[in-house]
Structures are given as structure tokens and as C-alpha cells.
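A.B. asks: Sequence first, predicted model second:
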Amino acid sequence: MMKKIFVLLFTLLILASSAFSTIIEDLTPASDNGLSALLVDSYPHSARSLGMGSAGIAVGGRSDSFYMNPALLARRTLISLPYAQVTLYHPYELFQKDSETGSSIIDDLLDAIESGNQDSMVNAGTNFLSMLKSGRGKIAEVEAGITLGGGGFAIGMHVKDTIHTFGEGVGGLDSYLYDELNVNILAALGLRFDITPSISLDVGLSGGVSVLGYTGLIGAERILDMLSGTSESGGDPMGEILNSIPLAFGYYIPLNAGVNLNLPLGFSVGVVGRNLLGGLGIKMQTYEGINSLMDDPMGIVSDVFSDSADFTIKTDPRMDLGLGWKWENGWFAPTVAFDMVDVIGFFSDDMSLRSFVDHMRVGAEVRLLSFLDVRGGINQGYWTVGAGIDLWAIKIDAAYYWQEFGDTAGDYPLDAFTIRFNIGFDR
């Protein structure tokens, strides 16, 4: 079953990467609503954090600390070799059994891929696309990385590939797909300063280089043409599209700073400034096809890190605030976290109750018998649940949650399931 799921994810990645367009403006998020998700929160959330409502700025644990708040690295040891995480969106609709046929969309897709029958693939693809709704969304994310650290210093690399959707009108066959690639290489340092025997201050800084790459949009009808093996010229549809993929690659310098005040009785307060160099923007280069990259795969490195850019994606710095409580106990260890993300954006908004909920993250975790974690939380008003097994050197975490893809909370909730596998020591 797992082999079939990985085959399905690989197939979807190929389909989403096979966009057809040569207009540079189509690759500019500022002028294309379909690419607007590129400007949304890009730092990674682990399955542990997702199960806790994406909260944990002041009480993050394990390698979450590396990205959530560099101050949390103070006096920590992280060895994560490697970790892998897979997120599947629309899981309820994908696995829901049809009352008449007794099969689900995921069953039909896997059977069609295994059989290789083009009619079956078209039918399965049509059913799959029909569940997509208007507006932006996602289908899947595949992530992997490594983290090494000790004595407050850590280095790490994180790679994430995301399949986005964008539906016009009612979605479905009016939808588009595109693929996004993020590569983050960061170093971080966290230091602790003891103020009193029971009060301490942690400060941290992280920075490095991040690369963003993505394709143009591919329409649902184009996907069905590929599945049916037809093309306008009568040639190989997959080959034609692969030879004309529009791509955009760029880079930016992420700089994040964090402060954590550790108080008596396990309470803590954390503040994180993210993307402090955001005013420089993300310098993007565009490419009309993949052939040039195949002929000169190292050429993209010199292009991306050149001084020129076809366009720049503007980004803004952000400040997040977190409150936490953590009781360290071997048999029963509870953790509670309350976060407000993008505090500046909240105060510059209308500061309504709906806006407050949109910026709010609340989560809790209870560790039982030193190896079993049970989690729950609220993210933008939607509930989240999660669980984890920690066998010292092997860790497995899972989360099921709802995520908002509309402009404000309540516009377009989308369910997702995330599972993460980690090898390493992390305390």
C-alpha cells in the first residue's frame, strides 16, 4: 500500500510540474492570483507542531526549535539524520467510499496507475480534479532534511516540494496545478543568560540562504490530455510539455531573531522576528523550458545568484509572540502553548474578533510514560489533533488538522494529514 501511495505522489508531482506557458507575467505572483500561495508562511512546521495547532514559539521542542524560534536552541542537542515528512490534503474526500461503487478516489487513482489503462486514468483523474474547489489550495507536500547541533549551535538543510491548486469559478475542471520547491540551508545560535536561579533569558539568531523554484500553471484539461495520451500536434503529450515548462528560480537571505524569557513554574514568553531582510525581496530568474537546465544543470546556480533579476517578489518582515507552560516530568509531562502570529499585521488590521482568531494558534501536548505523545490544538479557529511515538532514536509523529486557504478564517478550510519519520537524538 505504501509503495502505491509513493507512486501516486510521484505521478502527481510530475503532472504538477508539467506546466505550459511562456509568458513571464504568468510566473509573477503579484500579477497572478494562482501563484499567491507562494507569499504565504514558508517556514516549515513539523507534524508535532501541526498537531498542536501550529503553536510552540515559546515551548518548541526537538528540531522544531531550529525554525520556530532560534532562541530555543540554547543548551540543546539536536541530531536528526534524516527526517522525512509527507502531507496529503483532501484526505477525507480522497478516502471516502462511494456509496454505489464502494471505492474511493484514491482507490481509483492507484488502480488506474497500476493497470496503465488510459481510459481508467482519465476517469480517475476527472474524479480527482472534480473535488478541487475555487481559490487556492494544495494537494500534497513532501519534505526532507537534516539537523545537527549542540551547545546552542545548529546547522540544517530542509527541502520541501509542494503541489498547489488554483480553481477558477467553481473549481474542478476549471482548476490549475503548479509545483513549488523550497530549499533552506540555515545556521543558528542560541545562548542562555541566567538572571536569577529561576529566571533565564534565551536569545537566538538564524540565517542562511533559501532557494525558491516553481512552475507556471497547468490546466485540468491539459492534465486529462496527458492521461489520455493525446496532444494538439499528435506527438507525445508528456514530452511536448516537459520540453516547454516555464520555470522561475530565485533566492533570498532569511534572517530570524528570537528571544525567550524563562520564568518560574515552567512558564515562558517568546518573541520571534522573521524574515528581517524581507525588504530585499526574492530575486527571481525565469526560464522558458527545461532543456536549457538539462544541457547546463549548473548554469542555474550562476543565474539565480547573479545580480540581475527578471522580477522580485516583495516580502515583509513579521513578528510572532508566544506564551507557554511546560512541566518536565518523566511519567506525565504536559505542555501548553498560545501564539499570536504576525502581530504587526494584526494591529494594522481592523483588530476584530475574526482577525484575532485568524492570527491565533493554541495547542497542548501530554507526554505519557516518556514515549507517547498526545496532542491537540486550534489553528485559525479549526481544531487539530496529533500523536507521536518517541523511541529515543526513532520518532514517528502524525497530525490531522484543518488549514485556512481563504483570505480570512472561515472562507476555505481544507483538511490535511501529515506524518513524519525521524531518526536521531533530540533533547
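C.D. replies: On my side now, so go ahead.

A.B. asks: so how far is stretch 333-344 off the chain centroid?
C.D. replies: Taking C-alpha atoms, centre = their mean, to the nearest Å, one finds the center of stretch 333-344 at 19 Å from the center of the full chain.

A.B. asks: Quick one: end-to-end distance for stretch 161-179.
C.D. replies: 7 Å (C-alpha to C-alpha, to the nearest Å).

A.B. asks: likewise stretch 327-336?
C.D. replies: With C-alpha to C-alpha, one end of stretch 327-336 sits 9 Å from the other.

A.B. asks: just stretch 384-404 next, same as before
C.D. replies: 12 Å.

A.B. asks: ok, now stretch 88-100?
C.D. replies: 25 Å.

A.B. asks: outside of it, which residues touch it?
C.D. replies: Residues outside stretch 88-100 that contact it (C-beta atoms under 8 Å, 6 or more residues apart in numbering) are 103-106, 131, 137-140, 400, 403, 414-418. C-betas here are computed from N, CA, C, even on glycine.

A.B. asks: can you rerun that using 10 Å?
C.D. replies: Contacts to stretch 88-100, defined as C-beta atoms under 10 Å, 6 or more residues apart in numbering, come from residues 5, 8-9, 12, 103-109, 127-128, 130-133, 137-142, 162-165, 400, 403, 405, 414-419.

A.B. asks: Buried subset of these, written for ChimeraX?
C.D. replies: Only the buried entries of those go into this ChimeraX selection, using 16 or more other C-beta atoms under 10 Å:
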select :8,9,12,104,105,106,107,108,109,127,128,131,132,133,137,138,139,140,141,142,162,163,164,165,400,403,405,414,415,416,417,418
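
A.B. asks: Out of the contacts of stretch 88-100, which sit inside strands?
C.D. replies: 137-142, 162-165, 400, 403, 414-419 (DSSP state E).

A.B. asks: how about low-confidence regions in the stretch 201-350 of the chain?
C.D. replies: 220-244, 289-301 (pLDDT under 70).

A.B. asks: Helices of that one, start to end?
C.D. replies: 220-228, 237-242, 291-295, 299-304, 343-348 (DSSP state H, counting those that start in this stretch).

A.B. asks: you'd agree residue 191 is up against residue 204?
C.D. replies: Yes. Look at residue 191 against residue 204 with C-beta atoms under 10 Å: they come within range, at 7.2 Å.

A.B. asks: so what's in contact with the two at the same time?
C.D. replies: 71, 73, 74, 152.

A.B. asks: still on that earlier bit, and residue 191 and residue 204? which has more neighbours close in?
C.D. replies: Set residue 191 next to residue 204 and count neighbours by other C-beta atoms under 10 Å: residue 204 wins out with 26 against 16.

A.B. asks: pretty sure the more buried one is touching residue 67, no?
C.D. replies: No. The criterion here is C-beta under 10 Å, and residue 204 misses it with residue 67 at 11.4 Å.

A.B. asks: which residues are common contacts for the two?
C.D. replies: With C-beta under 10 Å, 6+ apart as the test, residue 204 and residue 67 both reach 188, 256, 272.

A.B. asks: Tell me the spacing between the first one and residue 32.
C.D. replies: To tie it back to what came earlier, the one meant is residue 188. According to C-beta to C-beta, to the nearest Å, residue 188 stands 34 Å off from residue 32.

A.B. asks: Would you mind telling me which of the two has more residues around it?
C.D. replies: Neighbours per residue (other C-beta under 10 Å) separate residue 188 from residue 32, with residue 188 holding more: 27 against 19.

A.B. asks: for that one, what are its contacts?
C.D. replies: 65-67, 69-73, 78, 147, 149, 152-156, 204-208, 256, 258.

A.B. asks: so where's the longest strand in the protein?
C.D. replies: The single longest strand within the chain, with elements called by DSSP E, is strand 175-196.

A.B. asks: Determine the number of other residues adjacent to residue 364.
C.D. replies: With other C-beta under 10 Å as criterion, residue 364 counts 19.

A.B. asks: Same question for residue 327.
C.D. replies: Around residue 327 there are 13 residues (other C-beta under 10 Å).

A.B. asks: Excluding chain neighbours, what is closest to it?
C.D. replies: residue 266 (5.1 Å; C-beta to C-beta, 6 or more residues apart in numbering).

A.B. asks: Now for the one you found: which residues touch it?
C.D. replies: 59, 324, 325, 326, 327, 328, 334, 335, 336.

A.B. asks: export those to CSV and tack on distance to residue 213?
C.D. replies: Formatted as CSV, the contacts of residue 266 follow (distance: C-beta to C-beta, whole Å):
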residue, distance to residue 213
59, 33
324, 35
325, 40
326, 38
327, 43
328, 42
334, 41
335, 36
336, 38
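
A.B. asks: Could you identify which of those has the most neighbours?
C.D. replies: Neighbour-wise, those (other C-beta under 10 Å) top out at residue 59, 29 neighbours.

A.B. asks: From residue 267, how far out is it?
C.D. replies: 10 Å.

A.B. asks: Residue 397 now?
C.D. replies: Counting by C-beta to C-beta - residue 397 and residue 267 are separated by 25 Å.
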